[in-house]
Structures are given as structure tokens and as C-alpha cells.
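J.: what's the 3D shape of this:
(one chain, ligands or ions: 1)
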Amino acid sequence: MAHPLSICSSCNSLNKYERTKVKTAVCGKCGNPLNLKAAVTQVSTEGFRRILGKTSDLVVVDFWASWCGPCQVYGPEFEKASLINEGTFLKVNTESEHLLSQELGIRGIPCTVFFKNGKEVQRQSGAMSADQLSTILRSL
Ligand SMILES: [Zn+2]
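T.: Alright, predicted model coming up:
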């Protein structure tokens, strides 16, 4: 199975890592730890586009905001699911990346958008449990 992708928050390099070794994953270029929460990377619009352009595999993106209560509930569930499912798991902050959110027509948050071959294949509004998210992931 393909390794998930992350972007180094220190040097902005694209990295592959092993899901089973997220705690010790370091950047192949600068050697700093990859800034992963479980197997989730917070990305900018540029990082989001780079990763989508780089992989044909599943990319799962949680669009969220710091003021959104349900997003805080969903965050840990999204992280839990990231450790037990295939795919690259990303978070996009809809406040700092509002143009991207607008472009993708993100209205309510949290909103989880699923991409394959760089194209959206499904989206789900609202908070979910890790189990609910895993069920969707297995159906894709
Ligand atoms: Zn780096």
C-alpha cells in the first residue's frame, strides 16, 4: 500500500512516511520531526494542492475552524481514523485558507472531503465518529 504524504513544517518539503511510525517520522530533507497529529498534517492551500497533485491515492481533508465547536469534537476522531485507514489525512483551516474553502464550496464545517486521483469523489458534512469515518473510507 502507498505511504501517506506530509509536508514538513520546517522546510516545506514533501515527505512520505509510514503510518505505523508517525511518532518518530522525520523530514527526509531537513531531519526535523514531521508535524503530525496522529497521521494528520495541517496544510496550507499550497500544501493541499501539492499533495493532491502528487498522489492518485485517497486524500481525506478535514475543513475546520478554531471557533467551531463540532470541529473540536471531530478533530480527535479524525486523528483516530487516520491511524487505521489507508490514505493521506490533511486538515485545512477555513479561516486562514478561506479562498480555497470558497473555491471548493465548503459551507458548513466540519466538512470532510475525499479525493482520488486529485478529484473530489465524496464529501460529508458534520462531525463523525472515527468508526463512521472509517465506514465511509472503506466504501470508497
Ligand atoms: Zn524538512
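
J.: identify the residue nearest Ala2 in space, chain neighbours excluded?
T.: Among residues not flanking Ala2 along the chain, Asp57 sits closest, at 4.7 Å (Cβ to Cβ, 6 or more residues apart in numbering). Where C-beta positions appear, they are placed from N, C-alpha and C, glycine not excepted.

J.: OK, contacts around that neighbour?
T.: 2, 86-88, 116 (Cβ atoms under 8 Å, 6 or more residues apart in numbering).

J.: need those in JSON lines (columns: pLDDT and secondary structure).
T.: Compiled in JSON lines, the contacts of Asp57 are given as follows (pLDDT from 0 to 100; DSSP: H, G, I helix; E, B strand; the rest coil):
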{"residue": "Ala2", "pLDDT": "83", "secondary structure": "coil"}
{"residue": "Glu86", "pLDDT": "96", "secondary structure": "coil"}
{"residue": "Gly87", "pLDDT": "97", "secondary structure": "coil"}
{"residue": "Thr88", "pLDDT": "98", "secondary structure": "strand"}
{"residue": "Lys116", "pLDDT": "97", "secondary structure": "strand"}
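
J.: quick check: PyMOL command selecting the buried ones in the residues you listed.
T.: To isolate the buried subset of these in PyMOL, counting by 16 or more other Cβ atoms under 10 Å, use the following:
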select buried, resi 87+88
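
J.: between the contacts of Asp57, which sits nearest the ion?
T.: Nearest to the ion among the contacts of Asp57, counting by Cβ to the ion, is Thr88 at 17.1 Å.
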